[in-house]
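Enquirer: Got a predicted structure plus its sequence, pasted below:
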Amino acid sequence: MQLLFTHPLVLCIALFAAFLLSLELGRWLARRAIASGHAEASGSAVDAAVFAVLGLLIAFTFSAAAARFDHRRDLIVEEANAIGTAWLRIDLVPADARPPLRNAFRRYAASRVDAYAHVGNEADFRAALGRSTATQGEIWQLAITAGARPDALPAANMLLLPALNDMIDITATRALSMLMHTPATIAIMLLTLAMVAAALAGFGMGAARNRDWLRLLSFAAIMTVTLYVIADLEFPRFGIINVAEFENAAIALTHLQ
């Protein structure tokens, strides 16, 4: 599903066309009903109920998607802080043990950025995560060895190892957060209900002899933008809403120099 958002313009055009077709279908059904004398093209309590449910569902999914987006962005800051804290605590180990640790940290930070830069390609993403995991093990072993040396400060292991543990733990939290999305059933229900609402809106405009292009285009455009923004919040690395630059800035703030 996330591959749909690698081309946001194509997705928006597809949604816009689908809404126009639904509106036109509703208008065509209304014209047929009026011509046969079986019904009148007018609003009803059913229409109001459908639009009310649609509004509620949009509000629910938008709020949930925005909350998940904020949570993912907070995790980026949390990881950057964890890396920065562990980096500063390298100063607790003996001076000659610091360069290997700092080099490993630089490679680790680069691997974390690289992993999420390739999140659209599962093979590359997993490979980058593998490099991060390998570097984590290297950093951990270097820290234990340095902290166990006789010339190490007594608090070296007590302060450095917990910071490293926090830095390592956040990687799993971030990876799992990528799997948290609106359930497919709700997404399908939202899209289906939106198309039904479009058909009902078109049915309500069927009494007019000529098409009201302003209303037709406005309805299709508003619904397209709304649904796209919800979807884009769910996958904030593929479309217009993108956290990649934010992530790079957050990692850069760790000042691994």
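Expert: On my side now, so go ahead. These numbers come from a predicted model, not from an experiment.
Enquirer: what's residue 181 sitting at in phi/psi?
Expert: Torsion angles at residue 181 (phi, psi; degrees, to the nearest 10) stand at phi -140, psi 170.
Enquirer: actually residue 149, sorry about that
Expert: Note on residue 149: backbone dihedrals following degrees, to the nearest 10 are phi -70, psi 150.
Enquirer: per-residue pLDDT, it?
Expert: pLDDT for residue 149: 87.
Enquirer: That one - how many residues pack around it?
Expert: 13 (other Cβ atoms under 10 Å). To be clear about C-beta, it is placed using only N, CA and C from the backbone, and glycine gets the same treatment.
Enquirer: Which residue comes closest to it once chain neighbours are left out?
Expert: With sequence-adjacent residues excluded and distances taken as Cβ to Cβ, 6 or more residues apart in numbering, residue 149 is closest to residue 94, at 5.7 Å.
Enquirer: So, low pLDDT: which residues of this structure?
Expert: Residue ranges of the chain with pLDDT under 70: 1-8, 37-43, 120, 244-257.
Enquirer: Which residue ranges of it form helices?
Expert: 8-36, 45-88, 98-117, 122-147, 156-177, 184-204, 213-234, 244-252 (DSSP state H).
Enquirer: Can you lay out those as JSON lines showing mean neighbour count?
Expert: Converted to JSON lines, the helices of the chain look like this (neighbours: other Cβ atoms under 10 Å):
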{"stretch": "helix 8-36", "mean neighbour count": "17"}
{"stretch": "helix 45-88", "mean neighbour count": "16"}
{"stretch": "helix 98-117", "mean neighbour count": "18"}
{"stretch": "helix 122-147", "mean neighbour count": "16"}
{"stretch": "helix 156-177", "mean neighbour count": "16"}
{"stretch": "helix 184-204", "mean neighbour count": "18"}
{"stretch": "helix 213-234", "mean neighbour count": "17"}
{"stretch": "helix 244-252", "mean neighbour count": "15"}
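Enquirer: picking up where we left off before, how about the contacts made by the residue nearest to residue 149?
Expert: Contact analysis of residue 94 by Cβ atoms under 8 Å, 6 or more residues apart in numbering lists 146, 149, 151-152.
Enquirer: hmm, 10 Å instead?
Expert: Listed by Cβ atoms under 10 Å, 6 or more residues apart in numbering, the contact set of residue 94 reads 146-147, 149-153, 156.
Enquirer: Closest to residue 101 out of those residues?
Expert: Ranked by distance to residue 101 (Cβ to Cβ), the contacts of residue 94 are led by residue 146 at 6.8 Å.
Enquirer: That closest one and residue 134: what is the separation?
Expert: To residue 134, residue 146 is 19 Å away according to Cβ to Cβ, to the nearest Å.
Enquirer: Backbone dihedrals for the residue nearest to residue 149, both of them.
Expert: Per-residue torsions, residue 94: phi -50, psi 150 (degrees, to the nearest 10).
Enquirer: for residue 239, same thing?
Expert: phi -120, psi -140.
Enquirer: And for residue 209?
Expert: According to degrees, to the nearest 10, residue 209 has phi -70, psi -40.
Enquirer: how deep is it tucked in, by neighbour count?
Expert: Neighbourhood size, residue 209 [other Cβ under 10 Å]: 6.
Enquirer: That one: what's it in contact with?
Expert: Counting by Cβ under 10 Å, 6+ apart, residue 209 has contacts residue 31.
Enquirer: same question, residue 82
Expert: 163-171, 254.
Enquirer: thought residue 87 was touching residue 105?
Expert: Yes. Using Cβ atoms under 10 Å, residue 87 is in contact with residue 105, at 5.6 Å.
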